[in-house]
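Enquirer: Structure of the sequence below:
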Amino acid sequence: MDEGQLNILIADDNQSDRMILSAIVKKMGHQVCEAADGLEAIEQYTNQSPDIILLDVLMPNMNGQQAAIEIKQLAGEDMVPIIFLTSLQDASDLAACLESGGDDFLSKPYNKVILQAKINAFSRMLKMHNTLQEQRDVIRENNEHMRHEQQVARAVYDNVAHSGCLDLPNIKYLLSPFSIFNGDVLLAARRPSGSVHILLGDFTGHGLPAAIGAMPLAEIFYGMTAKGFLMSDILREINAKLKNILPVGYFCCTCMVNLSFRRQQIEVWMGGLPDFALYREASGIVEHIKSKHLPLGVLSSSAFNPETQEFSFKPGDKFYMWSDGIIESRDESGELFGEERLFSIFNGKNPDLFFDNILDSMDTFAGESGRDDDTTLLELSMVNESVVGTVDIDLSSGAITGPTDWHLSYTLRDDTLKTFNPLPMMLNILNDVPSLRSISGQLYTLMAELFSNAFEHGVLGLDSSLKSSADGFAEYYKQRETAMKMMKDDFVKFEFDLAPSQDGGTLTIVVEDSGDGFDHKRINGQKEINLAYCGRGIPLIYSLCDSLTYHGNGNKVEVRLSWDAQIEE
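Expert: Residues are numbered from 1 along each chain as shown. Prediction:
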């Protein structure tokens, strides 16, 4: 068929009318197929696939209106213009023709000029419809391809961003993305010391652009938490990374929390997020925890402030974190859910239902209007450390083997002692030994106690008995600040010696400080852990290693830790 030539079906029970119309249509340069009633018209449509149908209204066997209904059903999404041929004049009869699927009328007797104009008009409509269908199919194919790629990327993203310990029994959470990718990030990981780091991030926008920054953020968070870094160190690193990779106008509103089970305390850093809620079980009071910083990725490293807020956190207390997707949920009239409505939920009498009540209230409020942003909610409860179990940190980098026979000496001098926490770096070195990875938490606690004793009691000469009361705690840290300013030519020196054996190996750690030492003979054999606020360090070290020996004036201590081959499994 030539370009511009149409295949037109003429369905009329009057042979003379069919001949007249056929002659006119053929003279226009189009092909013609004919039908004498409605049944033949359906058959011809099925066999010939005409572009336009000229359909008489009154025909035997099946009239034009019934045939039009059948043909439109067969056509589906395809456009098949039907021009009714009729001598009817009543408005209701003509309306019935349109309702059955007709697109236009041609009155008898036929006017050649009008017929040609109608055919040309529908020809243009057909071309436009076909073009739109082709474009739709291309868009659909590209969209399916894009969705497939996003699904693959999402699987990688989830493996990186959603690992961790969100399944701890003291954590409830909801992470509901608005699109395939989630602009909200919710991460949780145990530190070697046993505490829990939790980070809620809300990137600018949602979907793939918002998720781009989540992968480096998650890698930094999990990697540095597992190595024992403090919150301030992790936040500095994440901020610097996001500042470097995100374009102007993109950032991450963030709340990061460190939950310490032993100190019964939470440490909070908030930047750019709405107020959060801290519920006190003893009083039933709900405190508003406010953001004090700008979002991550906004300020340069020199301007960034990692200062945190500390709050007591007793068993039964609960801390609630959420993204602005909850507060900014809208009902059908466009009204926001809002902070006032959210905080009113905490007036309920049963705190165990707060989490579910927030979700139920938001769903009821939004109704059929749905959501237009990512939604994240987390409830963090204080429990005894025994409830969450021991630390299980996988620091393996894929290497099957590591160094097994080595000696390392590491000395920290004045300026480094004042500003740097050496524990993460030293733990990272030890975890290069495959046999030691499974006892990473034990090693961290051991080195933390050794370093604290050497620096605070050895170098600074502080008396731990001050910490037997709240006022004493304040005085202790006041003296600590004063003593640090007076440091001169001081040091703390670590020596590590790893020696393999046939059944496992032995790690020897020697810590020496520049202090005056102490009468270590009085604590020999003291292996019972004192549960008071002070005096716990040495008994705790005894419990974590095989042997502990003081040398000289007590300013040099040696501990040994042995393991057998079973630790490697």
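
Enquirer: going forward, measure contacts and count neighbours with C-alpha atoms only.
Expert: Will do.

Enquirer: Got the domain ranges for this protein?
Expert: 7-132, 162-388, 406-568 (automatic domain parsing).

Enquirer: Quick one: distance of the last one to the chain centre.
Expert: Taking CA atoms, centre = their mean, to the nearest Å, the mean C-alpha location of domain 406-568 is offset from the chain mean by 38 Å.

Enquirer: thinking again about what came up before, output the domains of the chain in TSV, with distance to residue 143 appended to each entry.
Expert: Conversion of those to TSV gives the following (distance: least, CA to CA, whole Å):
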stretch	distance to residue 143
domain 7-132	16
domain 162-388	13
domain 406-568	45
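
Enquirer: Serialize those domains to CSV and add fields for mean neighbour count and mean pLDDT.
Expert: Shown next, in CSV, are the domains of the chain (neighbours: other CA atoms under 10 Å; pLDDT from 0 to 100):
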stretch, mean neighbour count, mean pLDDT
domain 7-132, 17, 89
domain 162-388, 18, 88
domain 406-568, 16, 81
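
Enquirer: what's the closest of the ones you listed to residue 139?
Expert: domain 7-132 (10.3 Å; CA to CA).

Enquirer: Now the residue nearest the centre of the chain: which helix or strand?
Expert: Per CA atoms, centre = their mean, the C-alpha nearest to the average position across the chain is that of residue 185, at 3.1 Å. Assigning secondary structure by DSSP states H and E places residue 185 in strand 184-190.

Enquirer: For residue 140, which of the domains of the chain is the nearest?
Expert: Nearest to residue 140, of all the domains of the chain, is domain 7-132, at 12.0 Å by CA to CA.

Enquirer: so how far does the closest one reach from one end to the other?
Expert: Using CA to CA, to the nearest Å, the span of domain 7-132 from its first residue to its last is 21 Å.

Enquirer: what's the answer for stretch 546-555, then?
Expert: 20 Å.

Enquirer: Determine which of the domains of the chain approaches residue 146 most closely.
Expert: Set against residue 146 and scored by CA to CA, those come closest in domain 162-388, at 11.1 Å.

Enquirer: roughly how far is that closest one from the heart of the chain?
Expert: Averaging C-alpha positions (CA atoms, centre = their mean) puts domain 162-388 11 Å from its chain's average.

Enquirer: quick one on the thing from earlier: next, the contact list for the residue nearest to the centre of the chain, please.
Expert: By CA atoms under 8 Å, 6 or more residues apart in numbering, residue 185 lies in contact with 161, 199, 200, 201, 202, 203, 214.

Enquirer: Check which helices and strands the longest helix anywhere in the chain sits against.
Expert: Ranked by residue count, the top helix of the chain under DSSP state H comes out as helix 112-161. Counting contacts by 3 or more CA pairs under 8 Å, 6 or more residues apart in numbering; DSSP states H and E, helix 112-161 packs against strand 184-190, helix 214-226.

Enquirer: ok, then the element right after the last one?
Expert: Toward the C-terminus, helix 214-226 is succeeded by helix 231-245 as the next helix or strand (DSSP H and E).

Enquirer: And the contacts of that next one?
Expert: 197, 213, 216-217, 220-221, 224-225, 251, 256-258, 296-301, 304, 306-308.

Enquirer: rerun at 7 Å
Expert: 213, 217, 220, 221, 224, 296, 297, 298, 300, 301, 306 (CA atoms under 7 Å, 6 or more residues apart in numbering).

Enquirer: any chance of those in TSV, with distance to residue 99 too?
Expert: Shown next, in TSV, are these (distance: CA to CA, whole Å):
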residue	distance to residue 99
213	55
217	59
220	64
221	64
224	69
296	60
297	60
298	61
300	67
301	69
306	70
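
Enquirer: on that earlier part again, to residue 147, which of the domains of the chain lies closest?
Expert: domain 162-388 (8.4 Å).

Enquirer: Spatially nearest residue to residue 310, not counting backbone neighbours?
Expert: Leaving aside its chain neighbours, residue 310 sits nearest to residue 267 (4.4 Å; criterion: CA to CA, 6 or more residues apart in numbering).

Enquirer: The one you found sits in which helix or strand?
Expert: Residue 267 belongs to strand 265-271, assigned by DSSP H and E.

Enquirer: now the angle between helix 231-245 and that strand, please.
Expert: 20 degrees (axes from the mean of the first three to the mean of the last three CA atoms, to 10 degrees).

Enquirer: Dump strand 265-271 to CSV, keeping only the CA atoms.
Expert: Extracted in CSV, the C-alpha atoms of strand 265-271 (Å, rounded to 0.1, in the frame of the first residue of the first chain):
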residue,chain,number,x,y,z
GLN,A,265,23.3,6.9,78.3
ILE,A,266,22.7,8.0,74.8
GLU,A,267,24.9,10.5,72.9
VAL,A,268,23.1,12.4,70.1
TRP,A,269,24.2,14.5,67.1
MET,A,270,21.4,16.1,65.1
GLY,A,271,21.6,18.3,62.0
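
Enquirer: Which secondary structure elements does it sit against?
Expert: If you count contacts as 3 or more CA pairs under 7 Å, 6 or more residues apart in numbering; DSSP states H and E, strand 265-271 packs onto strand 252-260, strand 309-312.

Enquirer: returning to what we had before: among the domains of the chain, which is nearest residue 148?
Expert: Evaluated over the domains of the chain, closeness to residue 148 peaks at domain 162-388, with 10.6 Å, by CA to CA.

Enquirer: Next, format the helices and strands packed on strand 265-271 as CSV and append distance to residue 328.
Expert: Compiled in CSV, these are given as follows (distance: least, CA to CA, whole Å):
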stretch, distance to residue 328
strand 252-260, 15
strand 309-312, 26
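
Enquirer: between those, which one is nearest to residue 355?
Expert: The minimum distance between residue 355 and those falls on strand 252-260, with 18.4 Å, by CA to CA.

Enquirer: Contacts made by that closest one with the rest, please.
Expert: With contact meaning CA under 7 Å, 6+ apart, strand 252-260 is reached by 195-204, 265-273, 295-297.

Enquirer: in which helix or strand would I find residue 383?
Expert: Counting by DSSP H and E, residue 383 is part of no helix or strand.

Enquirer: And the spatially closest residue to it that is not a sequence neighbour, how far from residue 285?
Expert: Nearest residue to residue 383 in three dimensions, chain neighbours excluded: residue 315, at 5.1 Å (CA to CA, 6+ apart). In this view, residue 315 and residue 285 are 15 Å apart by CA to CA.

Enquirer: before we move on, what about residue 480?
Expert: Residue 480 sits 35 Å away from residue 285, taking CA to CA as the criterion.

Enquirer: circling back to that earlier point, would you point out the most distant pair within the contacts of helix 231-245?
Expert: Spatial extent of these (CA to CA) is set by the pair 224 and 298 at 21.3 Å.

Enquirer: residue ranges of the strands in the stretch 401-550 of the chain, please?
Expert: Secondary structure of the stretch 401-550 of the chain (DSSP state E, counting those that start in this stretch): strands at 406-413, 491-500, 504-513, 547-551.

Enquirer: and for the second one, what are the contacting residues?
Expert: Counting by CA under 7 Å, 6+ apart, strand 491-500 makes contact with 404-414, 454-455, 505-514, all of which sit outside it.

Enquirer: picking up where we left off before, next helix or strand past the strand holding residue 267?
Expert: strand 276-279.

Enquirer: what's the helix or strand following that next one packed up against?
Expert: Per DSSP H and E, the first helix or strand lying C-terminal to strand 276-279 is strand 286-289. Helices and strands touching strand 286-289, as assessed by 3+ CA pairs under 7 Å, 6+ apart, comprise strand 276-279.

Enquirer: so what strands line up beside the strand it packs on?
Expert: strand 286-289 (antiparallel), strand 318-322 (antiparallel) (DSSP bridges).

Enquirer: Among these, which comes closest to residue 99?
Expert: Closest to residue 99 of the strands paired with strand 276-279, according to CA to CA: strand 318-322, at 52.6 Å.

Enquirer: Alright, that wraps it up for me.
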